[in-house]
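A.B. asks: Here you go, sequence then predicted model.
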Amino acid sequence: MNSTTQMKAVETPLLRNNSFFIHKSENESSGSLELETEVNLQYHLARMIETYFVPIMCSVGIISNILAIKTFLHKGLRNYSCSRYLIAKCVSDTMFLLNLFVIYISHSLKYDLNTANNICQFVIFITYVSGFVSVWTVLLVTMENYIRIRLPFEVKRLCTTRNANIVIFLLVLAAVCIYNFALWISDKNCNPRPEYSTVTQAFIYIDTLLTLIIPSILLTVLIIAILTTFLRSDRKQFNTTEVSTRLVNASIARKSKSKVAVVTKLLLSVSLTFFLLTVTSHVVRIKLLISSVVSGKLELSNTEAAIQRIAQLFFYLSMAVNLFIFLTFGDNFRKVFKKTFLTWTSDRLKQSADDISRRTDVSRSRVTPDENEMSTLEHKSADRLEPGETYL
């Protein structure tokens, strides 16, 4: 038995990063999977991990992204342009995870989305748009931080919330215009139309260029430029000759370095985390594209198929860990988050305790009369006594 699974590209050209919906083997699609258990061990193990990991990750990711959005909308953060970009990323990631969760549930219920008119196309469309917006918002945050470090005098002019809103709007508009092909390039069963096969392949290459090659190159260049700025700044301070000037410059350098470090820490964490978690998925994706061009068909060994599924999980994870990155590396974000949610929770618990205490006091006052009430009762009771009787 050949240990290579022939992957049938039923939805592959249309859906970028959804292993629940991407590949069907020819045997699987015909209902007779006959590969040996030993050969499929790695693949089935990856599928088992995927089955339990995806719903947990989607649930945690959706909730945490909503909390992050709520935090960035706080008055202490919402007036920063980079916050607008991170809000856009959290929104797009939430849409992606919701989309993935719907597909997971439909799979669990054994409902084939391919048979639902327009739903499959819309799912693919949202996947493309959200993935595009997510990677480009990471790049935009990196660009803005580069401006803050290398061009500090241009920050007030370039890094404004108005400019950020315009850029985000144009980004979403571009995504809709580029990826609307997913709505019309497939038939009612979500299979690529044969007459559009060349167009489908062209859009795959365009998507790879826009979401992998260009962002990766720009992120690498920007990060290198930022690190170079640090090194040059330290070298200038080290070469100062006068002792007094050296001390003054050292003090300024420490303050400047501290401010820049606060900015770049979050920058590096967001950009590098996203890149590292998605690079494996993109490598597998490029391998599939090269294989399809060279051999004319998509072919993965069982080991490669298992790696592909694990790589997809890391890709999904990049959409779900935003809040944890912000809390770990964003000092201001962490302060606002604690003030927004932890203080609110503490106040609610305190208010609940006060309400319980207040209700308890009211109940006691109703059961046990106070001294004035007791005096009045005794006076009234004494008035009712017959002559010669005493009130005990």
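C.D. replies: Yep, that arrived. Numbers count the residues shown, from 1 in each chain.
A.B. asks: use CA for all of it now, contacts and neighbours both
C.D. replies: Noted.
A.B. asks: quick one: contacts for Phe125?
C.D. replies: With contact taken as Cα atoms under 8 Å, 6 or more residues apart in numbering, Phe125 is in contact with 179-180, 182-183.
A.B. asks: does it belong to a helix or a strand, and which?
C.D. replies: Phe125 belongs to helix 119-150 when assigned by DSSP states H and E.
A.B. asks: Would you indicate which residues of that helix are buried?
C.D. replies: 119-149 (16 or more other Cα atoms under 10 Å).
A.B. asks: low-scoring stretches of the stretch 151-300 of the chain, by residue?
C.D. replies: For the stretch 151-300 of the chain, the stretches with pLDDT under 70 are 230, 233-264, 296-300.
A.B. asks: just the angle between the helix or strand containing Arg84 and helix 119-150, please?
C.D. replies: Using DSSP H and E, Arg84 falls within helix 81-108. Helix 81-108 and helix 119-150 are oriented at 150 degrees to each other (axes from the mean of the first three to the mean of the last three Cα atoms, to 10 degrees).
A.B. asks: which strands and helices sit next to helix 81-108?
C.D. replies: Secondary-structure packing of helix 81-108 (3 or more Cα pairs under 8 Å, 6 or more residues apart in numbering; DSSP states H and E): helix 41-72, helix 119-150, helix 161-179, helix 302-320.
A.B. asks: do you know how far the residue nearest to Leu86 when sequence neighbours are not counted is from Ala311?
C.D. replies: In space, and not counting its chain neighbours, Leu86 is closest to Thr137: 6.9 Å by Cα to Cα, 6 or more residues apart in numbering. To Ala311, Thr137 is 22 Å away according to Cα to Cα, to the nearest Å.
A.B. asks: What of Glu50?
C.D. replies: For Glu50, the distance to Ala311 - Cα to Cα - is 11 Å.
A.B. asks: Comparing those two, which shows the higher neighbour count?
C.D. replies: Shown here are Glu50 and Ala311; by other Cα atoms under 10 Å, Ala311 has more neighbours (23 against 17).
A.B. asks: secondary structure element for the nearest residue to the more buried one once chain neighbours are set aside?
C.D. replies: Residue nearest to Ala311 in three dimensions, not counting chain neighbours: Ser281, with 4.7 Å by Cα to Cα, 6+ apart. Assigning secondary structure by DSSP H and E places Ser281 in helix 243-295.
A.B. asks: for Arg157, same thing?
C.D. replies: helix 155-158.
A.B. asks: now swap in Thr208 and tell me
C.D. replies: Going by DSSP H and E, Thr208 is part of helix 197-208.
A.B. asks: could you say what helices and strands that helix packs with?
C.D. replies: Short answer (3+ Cα pairs under 8 Å, 6+ apart): helix 197-208 packs on no helix or strand.
A.B. asks: elements contacting the next helix or strand after it?
C.D. replies: Next in sequence after helix 197-208, counting helices and strands by DSSP H and E, comes helix 214-238. Contacts defined by 3+ Cα pairs under 8 Å, 6+ apart place helix 214-238 against helix 119-150, helix 243-295.
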